[in-house]
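Colleague: Quick one, fold the following:
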Amino acid sequence: MSMPRLLLAVAVSCLPLAAGADAPPPDAAGGPQLNLIECARLLDPVAGRMLGQTTLVVEDGRIKEIRPGAVDPEPYRKTAGSLSVARLPDATCMPGLIDSHTHLTMQFGKNSYSDKFRLNPADHAIRGTVYAKRTLLAGFTTVRNLGDDDNASIALRNAIDAGLVPGPHIFSAGKPIGSTGGHADPSNGFRWDLQGDPGPKDGIIDSPAEAWKAVRQHYKDGADLIKIMPSGGVLDESSSSGNPQMTLEEIQAVVAAAHDDGFTVAAHAHGAEAIRRAVLGGVDSIEHGTFMDAADMKLMKEHGTWYVPTIIAGQYVMEKAKQGWYPPQVARKAEEVGPLILDTAGKAYKAGVKIAFGTDAGVYPHGDNAREFAYMVQAGMPPMFVLQAATTHAAELLHQQDRFGRIAVGRGADVIAVPGNPLDDITAMQHVSFVMKDGVVYKQDGKPTL
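Modeller: Numbers count the residues shown, from 1 in each chain. Okay, here's the model as predicted:
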C-alpha cells in the first residue's frame, strides 16, 4: 500500500463513532437496526395522561417495545445490526405532530401579489422542499396540505415518499375547488384580458356537473382529499372574506363525487351561511370558521363535523395588515378576521365542537407551526386537549388513526421530544429537540442531523 493510502486508512480507522451510536458486534452485522429512546416523560394522548420515565425501542423503523424506566442497552447490542441510543433526561416524548392545514409549496409575503407574475411552478416546487424540511424539524411528521398551484404538493409528497427529500408525510388536496371569482380562482386580481376562463381542470366550478368533473380530475391527478372554498377569503383580492361562494347543490355534488373516490372534504369557510351550507352538504371539516355562530356550532355537533381553527393565521395577517403588507381591500379583511378567530375557537371548544389542530402554514412562515398551541390555550383549551388535537384528533380527521397520532407497538416510529413538560408550559412545543420519522432521526439535541 502506498504511503498516502496507508495514512488515509489510518485516519478513517480513527474517526469517532456518531454521537449516541454504539458499534455492533461483528456477529450481529446482519441484525436489525435498533434505536433506544430514553424519555423523562411520555405523552399518552389516547388516555389523556402523562407517563413517567419510559424507553422506546425502535426496530427497523417501527415501535418494537415501550418499556417503563431506563433499560440496559447491552442485551440489544448483541442482536442489533446497529444500535443508537438517544438519552433525553429532561424531555417529554410524544407522537409526531399533525398539522391539519398547511400550504407547503407557498409562503405568503408582502411581495406575493407581484410574485405570482414572476415565479414559475418550478420555483414553488423547489421552495416547497425547504418548507417541508422546516416543518419536519419543527416536529410535524404528518400534514394535510390544503391547496397548491399546479399540483406541486402532490409532486412534493411523491418525492418525500421516494426518499429524495426530507419532509413530513403529506396528504395533499392538490388545487382547491371553488367558483368563478371566488377565493380559489387563480385569476383574481388580473386585468380582464389576462383572466382567461378557468374551469374544472383548474378547480373552478359553477354547477354540480362541473363539481363532479373537478373531483374526478383530482382523482386522476393523484390527490388524497378535496379542499373546497364555499366562502370568501382574506388574502385574495376580492372584497369579502365571508360571503357564500358555492351553492348547497354544488357542495353536495363535490361531497358525493369525493366520497365515491374515497376522499374526505375540507371546507375553507369564514362566513356563517357558507359554514351552514358546507355542513349540510356533508363536508368533513370546516377550516377557519371565523364568523361561525351558535347555530353553526349546533349543526356541526349534530353532523360530527370537525373544526380546524388556524388561529395563528388570523393573528399573523392582522399584524401584517397593520404593517402595510397588503392592498387596502385585503388589509381591511385581515383586520376584520384576525381578532375574531381566537374568540370563535374558544366558543367552539366550549360548545363541544370536535377540534383538530391546523395552522394555515404558508400564510405565516413555515416552521412556526407550534405557536398555534399557545393560541389555543389562550382561547381557553386545556394543554392536554391541544396536544390531543395535534395527535389523536388530527389522525381521526385524516382517517389515519391506525397509523398516526399515538405511539404503539407495531406502528411506524414517528416520535418527537420537547424540553420540560408541555402540560406545565405549552410554549415548550416551540422548542422541539428531537424528531424521528419512520425510525430515522432528523433532529437530536436540538440540531438537525442532515
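Colleague: Give me the distance between whichever strand or helix holds residue 385 and the centre of its chain.
Modeller: Here residue 385 sits within helix 383-388, counting by DSSP states H and E. Per Cα atoms, centre = their mean, to the nearest Å, the displacement of helix 383-388 from the mean C-alpha position of its chain is 16 Å.
Colleague: helices or strands up against it?
Modeller: With contacts taken as 3 or more Cβ pairs under 8 Å, 6 or more residues apart in numbering; DSSP states H and E, helix 383-388 sits against helix 371-378. For the C-beta atoms, the positions are set from N, CA and C on the backbone; glycine is no exception.
Colleague: who touches the helix it packs on?
Modeller: 309-312, 315, 342, 345, 357-359, 383, 385-387, 389-390, 422, 426-427, 429-430 (Cβ atoms under 8 Å, 6 or more residues apart in numbering).
Colleague: Stretch 401-416 too?
Modeller: Residues outside stretch 401-416 that contact it (Cβ under 8 Å, 6+ apart) are 35, 37, 42, 44-46, 56, 58, 61-66, 93-98, 139, 141-142, 169, 391-396, 398, 432, 434-439.
Colleague: Could I have the buried ones of these as PyMOL selection syntax?
Modeller: Here the buried members of these are turned into a PyMOL selection, burial being counted by 16 or more other Cβ atoms under 10 Å:
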select buried, resi 35+37+42+44+45+56+58+61+63+64+93+94+95+96+97+98+139+141+142+169+391+392+393+394+395+398+432+434+435+436+437+438+439
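Colleague: Mark which of the contacts of stretch 401-416 are part of helices, please.
Modeller: 394, 395, 396 (DSSP state H).
Colleague: got TSV for the residues you listed, with pLDDT too?
Modeller: Formatted as TSV, the ones in helices among the contacts of stretch 401-416 follow (pLDDT from 0 to 100):
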residue	pLDDT
394	98
395	98
396	98
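Colleague: The stretch 51-200 of the chain: strands as residue ranges?
Modeller: Along the stretch 51-200 of the chain, the segments classed as strands by DSSP state E, counting those that start in this stretch run 54-59, 62-68, 82-95, 97-102, 140-145, 169-172.
Colleague: Report all helices and strands that the fifth one contacts.
Modeller: In terms of contacts (3+ Cβ pairs under 8 Å, 6+ apart), strand 140-145 is packed against strand 97-102, strand 169-172, helix 394-397.
Colleague: Name the strands paired with it and say parallel or antiparallel.
Modeller: strand 97-102 (parallel), strand 169-172 (parallel) (DSSP bridges).
Colleague: Kindly check the end-to-end length of stretch 416-431 for me.
Modeller: Start and end residues of stretch 416-431 are separated by 11 Å (Cα to Cα, to the nearest Å).
Colleague: Could you check it and say which residues are buried?
Modeller: Across stretch 416-431, burial judged by 16+ other Cβ under 10 Å covers 416, 417, 418, 419, 421, 422, 423, 426, 428, 429, 430.
Colleague: swap in stretch 211-219?
Modeller: Quick answer for stretch 211-219 (16+ other Cβ under 10 Å): 211, 212, 213, 214, 215, 217, 218, 219.
Colleague: Kindly report the same for stretch 72-81.
Modeller: For stretch 72-81, burial by neighbour count (16+ other Cβ under 10 Å) applies to 73, 76, 77, 80.
Colleague: cool, stretch 221-239 as well?
Modeller: 223-236, 238.
Colleague: pLDDT averaged over stretch 417-424 - what is it?
Modeller: Across stretch 417-424, the average pLDDT comes to 98.
Colleague: Next one: residue 175 from residue 324, what distance?
Modeller: From residue 175 across to residue 324, the span is 30 Å (Cβ to Cβ, to the nearest Å).
Colleague: Who has more neighbours out of those two?
Modeller: Taking other Cβ atoms under 10 Å, residue 175 and residue 324 do not tie; residue 175 has more neighbours (28 against 9).
Colleague: my read: that one touches residue 200, true?
Modeller: No. If you go by Cβ atoms under 8 Å, residue 175 and residue 200 don't touch, sitting 10.3 Å apart.
Colleague: re earlier: just tell me which of the helices and strands packed on strand 140-145 ends up closest to residue 293.
Modeller: Nearest of these to residue 293, taken as Cβ to Cβ: strand 97-102 at 21.5 Å.
Colleague: what two of the buried residues of stretch 221-239 have the greatest distance between them?
Modeller: It's 224 and 238 that sit farthest apart of those, by Cβ to Cβ, at 28.1 Å.
Colleague: Show me the domain layout of this structure.
Modeller: Segmentation of the chain into domains, based on automatic domain parsing, reads 16-96+407-448, 97-397.
Colleague: so of those, which one's packed in deepest?
Modeller: Highest mean neighbour count among the domains of the chain (mean count of other Cβ atoms under 10 Å): domain 97-397, with a mean of 21.
Colleague: Let's see the distance spanning it from one end to the other.
Modeller: 13 Å.
Colleague: cool, and stretch 372-391?
Modeller: Stretch 372-391: ends 14 Å apart by Cα to Cα.
Colleague: Likewise for stretch 214-228?
Modeller: So stretch 214-228: terminal residues 11 Å apart, Cα to Cα.
Colleague: I'd like the average pLDDT over it.
Modeller: 98.
Colleague: so how far is it off the chain centroid?
Modeller: With Cα atoms, centre = their mean, you get 19 Å for stretch 214-228.
Colleague: hang on, isn't residue 292 packed against residue 275?
Modeller: Yes. In this structure residue 292 lies within contact range of residue 275 using Cβ under 8 Å: 5.5 Å.
Colleague: between these two, what contacts are shared?
Modeller: With Cβ under 8 Å, 6+ apart as the test, residue 292 and residue 275 both reach residue 286.
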